[in-house]
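Chemist: Okay, sequence plus prediction incoming.
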Amino acid sequence: MKKLAWLSVEDYGTTVMEIIVASAMKGYLRRMSEEEALKKVESIIEPKIIQLFGESGAPMPVQSHVDGAKFAAFIDEAVADSIRELEVREDDMSGVSIAVLQNVEGKSVVETMSPEFVGFIGDAYRSLKYTNHLEKP
């Protein structure tokens with residue numbers, strides 16, 4: 001299983017906006033400790049794991065429940081966190097990125113999300129839950 005840092009946000013969107021929001025979510029999780037990030041993701045997804053093994057031997061959640069309201073709130077938190085990070089930079093690209101992110105509303109994103117986009121939460125869960133446990137010393 002890939003570490004969270006190695007997940008490519010381009011794999012989680014069918015639109016530019018989904019890719020931007022996936023990037024905000026990934027950055028938000030990476031700015032937390034792994035334990036805190038896992039707790040945050042576990043509050044959104046309820047994975048139903050069976051003994052199917054994906055890449056690197058990590059169990060594959062086959063049928064998971066994602067709480068839409070919690071996912072929307074998480075998106076809003078991630079976007080707000082990204083805006084705060086960008087405000088510190090004070091460069092032209094940060095200004096443009098902030099303007100784009102200010103138009104993101106978690107509820108709207110969840111209502112129109114693609115299967116690829118919601119896949120980010122499942123992959124983030126697997127990455128945070130199993131990567132360290134499967135690594136060899």
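Modeler: Great, that's in hand. Residues are numbered from 1 along each chain as shown.

Chemist: where does this protein have its least confident helix or strand?
Modeler: One helix or strand of the chain scores below all others by mean pLDDT, DSSP states H and E: strand 49-53, with a mean of 56.

Chemist: so where does Asp123 fall, helix or strand?
Modeler: Per DSSP states H and E: Asp123 is located in helix 115-134.

Chemist: ditto for Ser97
Modeler: With DSSP H and E as the criterion, the answer for Ser97 is helix 92-101.

Chemist: List the buried residues in that helix.
Modeler: Buried residues in helix 92-101, counted by 16 or more other Cβ atoms under 10 Å: 97-98, 101. C-beta here means a position set from N, CA and C on the backbone, and glycine is covered the same way.

Chemist: Also stretch 117-135?
Modeler: In stretch 117-135, counting by 16+ other Cβ under 10 Å, buried: 117-118, 120-131.

Chemist: give me the low-pLDDT residue ranges for this structure?
Modeler: 1, 49-63, 132-137 (pLDDT under 70).

Chemist: For it, just list every one of the strands.
Modeler: 45-46, 49-53, 59-61, 65-66 (DSSP state E).

Chemist: List the buried residues for stretch 19-31?
Modeler: 19-26, 28-29.

Chemist: just those residues now: which is nearest Thr112?
Modeler: Distance to Thr112, by Cβ to Cβ, is smallest for Val21 among the buried residues of stretch 19-31, at 11.0 Å.
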